[in-house]
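Undergrad: Fold the following and give me the result.
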Amino acid sequence: MTWETKQIEEITQLNLIRDLKKTKGDVVWGYYTSAREKVLTEVVDEIKGYESGLTDHGPRHLENVLGSIELLLGDKVKEINGVFLYVLLQCVLFHDVGNVYGREGHNKAIKPIYDLVRGESKNSDEQEERKVILSICEAHSGTTLDGSYDTLQHVVEITNIYGQNISPLEIASVLRFADELSEGQQRTSEFMLTNDLYKDPELYFHQYANCTKIHIDTDSERIALIYHIQLKEKLSEDRTKLTIEELTLFLPFLYNRIWKMNQERKYTKHYCDKYLFPFKSITVSIDFYWQDNPLNIVKEFIGLTDLVVPNDEEPTFIKKYPFFKIDNIISVLRANIKSSKPPGRIAKFFGKLDRGTL
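TA: Presented below is the predicted three-dimensional model:
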């Protein structure tokens, strides 16, 4: 599988020719298109065969990461150095290929696949390109040798490839944040969820992907996280919906994902203010549905910004937005579902639920 040429790919090709002149620009662009064909058809499409429980890390995911990068860079992309963009696109291709060896340490298992796809070279530019791409891909997740999660600190700030100065640290930051933002229904399978074919511990990740929509809103300088959570009366094979009891266990996972997203926003912006500065906040909306009808119980957005009050502990958004305390949400949902249900068997079910007899 491949995709129709993306705008960012077209711009990268044009900028390479602009910066390296046509002959060299075409050669370097050919390195990318050749690698893209091999990675998409021979590597990432095979990840599910080795890690069947993972959310999607194949061509759809890589295409989505490219789309996120387009939105993050916006109109600035036309002015960016062609080699910078070329290395960024190569990193998109290679950042997850290590998953064919297993999820654990996948960010450090890229070298043999890179060498197979790109081939070994004694050319100094290609050797530098290889070193930079491997370091960027390694920094997109995991920890450092001393156990720190600050993996970007070890990516070099500037290097020269094909006669052009580029910043691997900025590339690594953009890739990491775009990868974090590339979440949503494209990463899971409704068929697999409906038929309860995903198992723990991966199930929550698929349920999260299924209820998530992410909007990169450059005009409003924010990332909008939108969650649509479908509820059901009782346990069944259909894992696209949650019972109240399942929701109680799922919400802490969802809240942690929200908090992690905001951490990644601030973390990557620290290392790449040049391109990620516009994204000053994250807004979160959570909507609940019963029998496909919105319950309309949530009356506010969660807003996460860069503001930190000096000499004060940074509050979590749960402290700031007490409505989203899990006990409160469960209580309000129970009341709303109960009042919206007709009498009969379902009403009896919730009567038992209220009495704690289930």
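
Undergrad: Look up the closest residue to the residue nearest the centre of the chain, ignoring the ones flanking it.
TA: Nearest to the mean C-alpha position of the chain, by Cα atoms, centre = their mean, lies Glu180 at 2.7 Å. Distance criterion Cβ to Cβ, 6 or more residues apart in numbering; nearest residue to Glu180, sequence neighbours excluded, is Glu264 at 4.6 Å. (Each C-beta comes from the backbone N, C-alpha and C, glycine too.)

Undergrad: In three-state terms, label the residue nearest to the centre of the chain for me.
TA: Under DSSP: H, G, I helix; E, B strand; the rest coil, Glu180 falls in the helix class.

Undergrad: Could you do Leu307 as well?
TA: Under three-state DSSP, the three-state class of Leu307 is coil.

Undergrad: burial count for it?
TA: Leu307 has 9 neighbouring residues, counting by other Cβ atoms under 10 Å.

Undergrad: and it, how far is that from Ser281?
TA: Here Leu307 is placed at a distance of 9 Å from Ser281 (Cβ to Cβ, to the nearest Å).

Undergrad: still on that earlier bit, might you report the residue contacts of the residue nearest to the centre of the chain?
TA: Lys260, Met261, Glu264 (Cβ atoms under 8 Å, 6 or more residues apart in numbering).

Undergrad: Buried ones in whichever helix or strand the second one is part of, by neighbour count?
TA: When elements are assigned from DSSP states H and E, Met261 belongs to helix 244-271. By neighbour count, with 16 or more other Cβ atoms under 10 Å as the criterion, the buried positions of helix 244-271 are 244, 247, 250-251, 254-255, 257-258, 261-262, 264-269, 271.

Undergrad: where's the closest residue to His95 other than its chain neighbours, which helix or strand?
TA: Nearest non-adjacent residue to His95, counting by Cβ to Cβ, 6+ apart: Cys137, 4.5 Å away. Element membership for Cys137 (DSSP H and E) is helix 124-138.

Undergrad: in that helix, what's buried?
TA: Buried, per 16+ other Cβ under 10 Å, within helix 124-138: Glu126, Glu128, Glu129, Arg130, Val132, Ile133, Leu134, Ser135, Ile136, Cys137, Glu138.

Undergrad: follow-up on the earlier one: and the helix holding Met261, how far out from the chain middle?
TA: Using Cα atoms, centre = their mean, to the nearest Å, the mean C-alpha position of helix 244-271 is found 11 Å from that of the whole chain.

Undergrad: repeat for stretch 293-312
TA: Remark: stretch 293-312 is offset 21 Å from the chain centroid, using Cα atoms, centre = their mean.

Undergrad: CA atoms only: put it into PDB for me.
TA: Taking C-alpha atoms only, stretch 293-312 is exported to PDB below (Å, rounded to 0.1, in the frame of the first residue of the first chain):
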ATOM      1  CA  ASN A 293     -28.100   9.600  21.700                       C
ATOM      2  CA  PRO A 294     -26.000  12.300  23.400                       C
ATOM      3  CA  LEU A 295     -26.500  12.700  27.100                       C
ATOM      4  CA  ASN A 296     -25.300  16.300  27.100                       C
ATOM      5  CA  ILE A 297     -24.100  16.100  30.700                       C
ATOM      6  CA  VAL A 298     -20.700  17.800  30.100                       C
ATOM      7  CA  LYS A 299     -21.100  21.600  30.200                       C
ATOM      8  CA  GLU A 300     -17.400  22.700  30.000                       C
ATOM      9  CA  PHE A 301     -14.200  22.100  28.200                       C
ATOM     10  CA  ILE A 302     -10.900  21.100  29.900                       C
ATOM     11  CA  GLY A 303      -8.200  23.700  29.000                       C
ATOM     12  CA  LEU A 304      -4.500  22.900  29.500                       C
ATOM     13  CA  THR A 305      -2.100  25.800  28.900                       C
ATOM     14  CA  ASP A 306       1.500  26.700  29.600                       C
ATOM     15  CA  LEU A 307       0.600  28.800  32.600                       C
ATOM     16  CA  VAL A 308       2.300  27.900  35.800                       C
ATOM     17  CA  VAL A 309       1.800  30.000  38.900                       C
ATOM     18  CA  PRO A 310       5.200  30.800  40.600                       C
ATOM     19  CA  ASN A 311       5.800  29.100  44.000                       C
ATOM     20  CA  ASP A 312       2.700  27.000  43.600                       C
END
